[in-house]
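*Asks:* Output the structure for:
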Amino acid sequence: MPTTYRATLLTKKGEPEVLVPVLLPLLEPGPGELRVKILATGVGATDVTMRRGRYPYAPKLPFVPGYESVGTVDAIGPGVTGFRLGQRVCALLVHGGYAEYVVRRASDWLAVPDDLDTAEVVATILNYVTAYQAIHRVAKLGPGTTALVTAAAGGAGQAFVQLLRAQGVRVIAAASPRSHALLRSLGAEPIERQVSVERVHALAPGGVDAAFDGVGGAALRTCIAVTRRGGAVVWYGFMGVSTLPGILRNVLDTFVFARLRGRRAAFYGITALYRKDPAPFRADLPAVFELLRAKKIAPRIALRLPLAEAREANIRLEAGSLDGKIVLLA
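*Replies:* Model (predicted):
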């Protein structure tokens with residue numbers, strides 16, 4: 001049995017070079033804990049936000065990033081029941097997944113069905129549960145409605161498009177022209193990435209029933225403008241917001257401006273909800289797995305890299321031009 005394991009450490013705020021490969025001591029799980037050997041970890045925009053020091057749920061530096069992971073149970077701590085050695089499990093870790101092993105509370109791990117692909121599973125944990133909860137628990141959107149999705153070609157954006165279409169919702173998807181064919185293949189109606197009132201109203205003259213914005217800034221304000229009175233605006237990401245004043249403006253737009261205009265506006269964060277009550281996540285991820293098994297959703301893996309290549313994955317993510325999820329594989 002090894003005494004150390006390889007991981008990628010975030011040493012300080014900054015560009016991808018602050019991600020450094022290290023060897024860490026391999027610990028035994030304590031009471032109520034599992035040690036999991038990592039098979040796959042996702043890389044996404046939240047990792048970048050965390051690396052740049054703008055994520056409220058990040059631990060103190062230095063730490064190992066890696067938001068969502070799939071692995072096999074390697075060791076079981078005292079008092080833990082319901083798991084077996086070698087069992088495939090997954091977790092919304094928030095941090096720790098850029099590593100060969102993770103020790104975490106057993107209650108953080110969920111069983112992964114044997115018939116699902118590991119890379120597709122890891123792609124659903126953050127992006128698809130985010131979209132599922134924003135659609136069903138926040139916007140409460142039903143069949144026959146119309147929704148706008150910004151940043152629709154990314155991992156989270158595609159999750160929104162696919163889950164909305166599975167719900168019978170018409171989708172207007174904002175993305176760069178190179179991604180329009182992909183979005184059409186998913187059943188969406190693509191428009192230019194820079195969302196404008198005119199472009200949306202050309203397709204939905206009365207406004208959309210809901211808008212899901214992962215960008216912030218001007219995109220969020222446009223989402224508010226094109227959503228009908230009584231409709232839902234869900235802001236869930238920070239891709240277009242890089243400063244504290246920008247974030248505060250988004251908060252003002254969401255909780256004051258949008259509501260004064262008669263929109264049901266909310267900020268949705270999967271981690272905030274999970275920290276408050278993990279029960280919704282534990283209920284919704286199996287529901288997403290059922291949609292995956294039924295082929296009603298199909299996570300697109302844009303890039304697969306070795307687990308040790310977390311720095312390269314961050315470089316590729318920030319360079320753009322990838323449609324879908326980056327996955328690190330052991």
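
*Asks:* Where in the protein is the helix or strand with the lowest mean pLDDT?
*Replies:* Least confident element among the helices and strands of the chain, by mean pLDDT, DSSP states H and E: helix 244-252 (a mean of 78).

*Asks:* for the protein, what's the longest strand?
*Replies:* strand 33-43 (DSSP state E).

*Asks:* could I have that strand exported to CSV, CA atoms only?
*Replies:* Output of strand 33-43 as CSV, limited to C-alpha atoms (Å, rounded to 0.1, in the frame of the first residue of the first chain):
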residue,chain,number,x,y,z
GLU,A,33,-15.2,8.6,6.7
LEU,A,34,-14.3,6.9,3.4
ARG,A,35,-11.0,7.0,1.5
VAL,A,36,-11.8,7.0,-2.2
LYS,A,37,-9.3,6.3,-5.1
ILE,A,38,-10.2,8.9,-7.7
LEU,A,39,-11.1,7.7,-11.2
ALA,A,40,-12.3,11.0,-12.7
THR,A,41,-12.5,14.7,-11.7
GLY,A,42,-14.2,17.4,-13.7
VAL,A,43,-12.7,20.8,-14.5
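
*Asks:* what mean pLDDT would you report for it?
*Replies:* Per-residue pLDDT over strand 33-43 has a mean of 98.

*Asks:* what's the helix or strand that that strand is followed by packed up against?
*Replies:* Sequence-wise, the next helix or strand downstream of strand 33-43 (DSSP states H and E) is helix 45-51. Judged by 3 or more Cβ pairs under 8 Å, 6 or more residues apart in numbering; DSSP states H and E, the packing partners of helix 45-51 are helix 310-319. In this view, the C-beta of every residue, glycine as well, is placed from N, C-alpha and C.

*Asks:* What is the distance between the next helix or strand after the helix it packs on and the centre of its chain?
*Replies:* Sequence order places strand 325-329 as the next helix or strand after helix 310-319, per DSSP H and E. Relative to its chain's centre, strand 325-329 lies at 13 Å (Cα atoms, centre = their mean, to the nearest Å).

*Asks:* same deal with stretch 243-259?
*Replies:* Distance, centroid of stretch 243-259 to centroid of chain: 21 Å (Cα atoms, centre = their mean).

*Asks:* ok, now stretch 13-31?
*Replies:* Taking mean C-alpha positions (Cα atoms, centre = their mean), stretch 13-31 and its chain are 22 Å apart.

*Asks:* and it, how far apart are its ends?
*Replies:* Start-to-end span of stretch 13-31 (Cα to Cα, to the nearest Å) is 33 Å.

*Asks:* buried sites along that stretch?
*Replies:* By neighbour count with 16 or more other Cβ atoms under 10 Å, stretch 13-31 contains the buried residues 16, 18-19, 26, 29.

*Asks:* Using JSON lines, lay out those together with pLDDT.
*Replies:* What follows is these, written out as JSON lines (pLDDT from 0 to 100):
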{"residue": "16", "pLDDT": "96"}
{"residue": "18", "pLDDT": "97"}
{"residue": "19", "pLDDT": "98"}
{"residue": "26", "pLDDT": "97"}
{"residue": "29", "pLDDT": "98"}
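
*Asks:* and the helix ranked longest in the chain, what's its mean pLDDT?
*Replies:* Longest helix of the chain, by residue count under DSSP state H: helix 279-293. The average pLDDT within helix 279-293 is 97.

*Asks:* List the contacts of it.
*Replies:* Defining contact as Cβ atoms under 8 Å, 6 or more residues apart in numbering, one finds that helix 279-293 is touched by 90, 92, 110, 112-113, 115-116, 120-121, 124-125, 128-129, 132-133, 136-137, 163, 166, 270, 273-274, 297-299.

*Asks:* can I get the CA coordinates of the following helix or strand past it in PDB?
*Replies:* Downstream of helix 279-293, the first helix or strand assigned by DSSP H and E is strand 301-306. In PDB, the C-alpha atoms belonging to strand 301-306 read as follows (Å, rounded to 0.1, in the frame of the first residue of the first chain):
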ATOM      1  CA  ILE A 301     -16.900  15.500 -23.000                       C
ATOM      2  CA  ALA A 302     -14.900  18.100 -24.800                       C
ATOM      3  CA  LEU A 303     -11.500  17.000 -23.500                       C
ATOM      4  CA  ARG A 304     -10.100  14.100 -21.600                       C
ATOM      5  CA  LEU A 305      -6.700  14.500 -19.900                       C
ATOM      6  CA  PRO A 306      -4.700  12.500 -17.300                       C
END
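
*Asks:* Give me the angle between strand 301-306 and strand 33-43.
*Replies:* Here strand 301-306 points in a direction 120 degrees away from that of strand 33-43 (axes from the mean of the first three to the mean of the last three Cα atoms, to 10 degrees).
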